[in-house]
Every structure is written in C-alpha cells, then in structure tokens.
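K.L.:
Model the following, please.
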Amino acid sequence: MRKDAGLSLTELRADGAASRNDLLMQIQADVAGVRVVRPRITETTALGAAYLAGLAVGFWRDEAEIDAQWQADRVFEPRPGLRGALRERWDEAIARVRTPKIG
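P.N.:
Residues are numbered from 1 along each chain as shown. Model (predicted):
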C-alpha cells in the first residue's frame with residue numbers, strides 16, 4: 001500500500017462485517033505493521049451514502065462536521081517482531097498455491 005500510494009501509512013481504518021473479527025484485525029495490524037482502527041459503526045457503506053445525501057441537502061454543513069461523527073471502537077497495534085515471520089509464511093503459502101502439483 002505504501003509503495004502504490006506513495007504515502008507513509010500510519011494507520012489503517014477497517015470497516016464492514018469482517019472488521020468485527022478481533023483476530024483478523026490483529027493479523028492485519030501485524031502484517032501491515034501499522035495500527036488498525038475499527039469504528040464504532042462498522043457498516044459504513046450505508047452510513048457513507050446517508051452522510052453524502054445529508055451533505056447534498058444541507059443537513060451537514062461540511063465534511064468536517066461529518067468527520068466529527070466518527071468514533072473509534074478499538075485500536076489494534078502491531079506486535080513487534082511478528083511482521084517478518086507472518087510475511088514469510090504468507091509468501092510461502094502464495095508460492096504453494098502458484099506451484100502446480102503434477103502427478
């Protein structure tokens with residue numbers, strides 16, 4: 001992500017049903033090497049559409065007012081020393097999937 005975006009990534013915000021899985025969020029933090037933040041409201045697709053509609057009709061003054069509504073539920077910090085080992089196992093798993101079994 002850092003290379004593709006050309007930006008320094010300091011935190012990753014996760015949403016959707018999968019973000020309710022604490023183990024998954026911790027693995028994401030460990031692999032990415034940055035904190036992962038889960039919002040209080042995880043179903044943000046519909047919420048985002050509602051915010052945009054409210055902004056369009058003047059219910060919200062600006063994006064800053066909408067941003068002020070966002071609240072974190074939990075923060076998952078990367079655990080030191082795990083990123084390299086997890087990445088190595090990930091790379092091994094990908095190599096096994098890509099290598100066709102013959103016979």
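K.L.:
For the protein, just list every one of the helices.
P.N.:
Using DSSP state H, the helices of the chain run over 2-5, 22-32, 44-56, 63-67, 82-98.
K.L.:
got those helices as a markdown table, with distance to residue 76 columns?
P.N.:
For every residue, glycine as well, the C-beta is placed using N, CA and C. Output for these, formatted as a markdown table (distance: least, CB to CB, whole Å):
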| stretch | distance to residue 76 |
| --- | --- |
| helix 2-5 | 18 |
| helix 22-32 | 4 |
| helix 44-56 | 17 |
| helix 63-67 | 21 |
| helix 82-98 | 12 |
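K.L.:
ranking the ones you listed by burial, who's on top?
P.N.:
Ranked by mean neighbour count, these are led by helix 22-32 with a mean of 17 (mean count of other CB atoms under 10 Å).
K.L.:
just how off-centre is that one within its chain?
P.N.:
9 Å (CA atoms, centre = their mean, to the nearest Å).
K.L.:
So which other helices or strands are in contact with it?
P.N.:
The contact analysis (3 or more CB pairs under 8 Å, 6 or more residues apart in numbering; DSSP states H and E) places helix 22-32 against strand 11-13, strand 35-39, strand 72-76, helix 82-98.
K.L.:
That helix vs strand 72-76, what angle?
P.N.:
With axes from the mean of the first three to the mean of the last three CA atoms, to 10 degrees defining the directions, helix 22-32 sits at 60 degrees from strand 72-76.
K.L.:
and helix 22-32, C-alpha only, in PDB?
P.N.:
Listed next in PDB are the C-alpha coordinates belonging to helix 22-32 (Å, rounded to 0.1, in the frame of the first residue of the first chain):
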ATOM      1  CA  ASP A  22     -10.700  -9.200  16.600                       C
ATOM      2  CA  LEU A  23      -8.200 -11.900  15.400                       C
ATOM      3  CA  LEU A  24      -8.500 -10.700  11.800                       C
ATOM      4  CA  MET A  25      -7.900  -7.100  12.800                       C
ATOM      5  CA  GLN A  26      -4.900  -8.000  14.900                       C
ATOM      6  CA  ILE A  27      -3.400 -10.000  12.000                       C
ATOM      7  CA  GLN A  28      -4.000  -7.100   9.700                       C
ATOM      8  CA  ALA A  29      -2.100  -4.800  12.100                       C
ATOM      9  CA  ASP A  30       0.800  -7.300  12.400                       C
ATOM     10  CA  VAL A  31       1.100  -7.900   8.700                       C
ATOM     11  CA  ALA A  32       0.800  -4.200   7.700                       C
END
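K.L.:
I'm done for today, thanks for sticking with me.
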